[in-house]
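Visitor: predicted model follows, preceded by the sequence.
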Amino acid sequence: MLSEKDITDALGGPKLLGKQANTVLDLADLIQQGLPTQSVFHLQKEMALRDDDYAPTLGVSIKWLGRYRNTPRQHMDANVSDRLYRIARIFALAEEVLEDKEAANRWLHRPQSGLGERTPLELMKNEVGAREVEELLYRIEYGIYS
């Protein structure tokens with residue numbers, strides 16, 4: 001079962017986040033305050049994503065990534081933090097369901113028949129698409145045809 005720890009680990013853990021998030025409400029507070037910019041790059045590394053794949057999924061420009069990589073600031077705004085959380089949540093779920101980080105990364109990049117031959121990364125750009133990706137992962141987890 002996916003836990004807050006799985007998601008916070010994908011974001012860099014308590015050390016990077018500056019706080020232990022034990023509950024969903026703790027995560028909500030962290031997101032509203034703005035997640036640390038370093039979390040963006042930690043998750044990007046975990047997911048082995050190039051800037052041109054990651055930026056559109058996160059809803060920022062490639063220039064934004066470059067600017068904050070070279071001159072990181074303390075916290076992102078709540079909107080970018082919320083999108084980053086969504087990506088981390090789905091990545092953590094994919095890793096749990098597929099039982100391997102590399103398998104999760106491959107799956108996120110490949111068109112899936114259960115998603116109308118779209119890639120999960122493509123659909124993760126908004127909440128509606130992200131929910132479809134999560135539903136497919138749960139169907140895979142429970143052995144329901146997808």
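Guide: The structure has been received and is ready for your questions.

Visitor: quick one: low-confidence ranges for this protein?
Guide: Applying pLDDT under 70 to the chain flags the ranges 145-146.

Visitor: longest helix in it, please.
Guide: In the chain, assigned by DSSP state H, the helix with the most residues is helix 78-98.

Visitor: quick check: angle from the next helix or strand after it to helix 78-98?
Guide: Following helix 78-98 in sequence order, the next helix or strand is helix 101-109 (DSSP states H and E). Interaxial angle, helix 101-109 versus helix 78-98 (axes from the mean of the first three to the mean of the last three C-alpha atoms, to 10 degrees): 120 degrees.

Visitor: same for helix 101-109, what does it pack against?
Guide: helix 37-47, helix 78-98, helix 120-123 (3 or more C-beta pairs under 8 Å, 6 or more residues apart in numbering; DSSP states H and E). Glycine gets a C-beta too; all of them are placed from N, C-alpha and C.

Visitor: circling back to that earlier point, buried set for the longest helix of the chain?
Guide: 80-98 (16 or more other C-beta atoms under 10 Å).

Visitor: closest to Leu16 out of the helices and strands packed on helix 101-109?
Guide: Nearest of these to Leu16, taken as C-beta to C-beta: helix 37-47 at 5.6 Å.

Visitor: related to what we said a few turns ago, packing partners of the longest helix of the chain?
Guide: When contacts are defined as 3+ C-beta pairs under 8 Å, 6+ apart, helix 78-98 sits against helix 4-10, helix 24-33, helix 37-47, helix 51-58, helix 101-109, helix 127-141.
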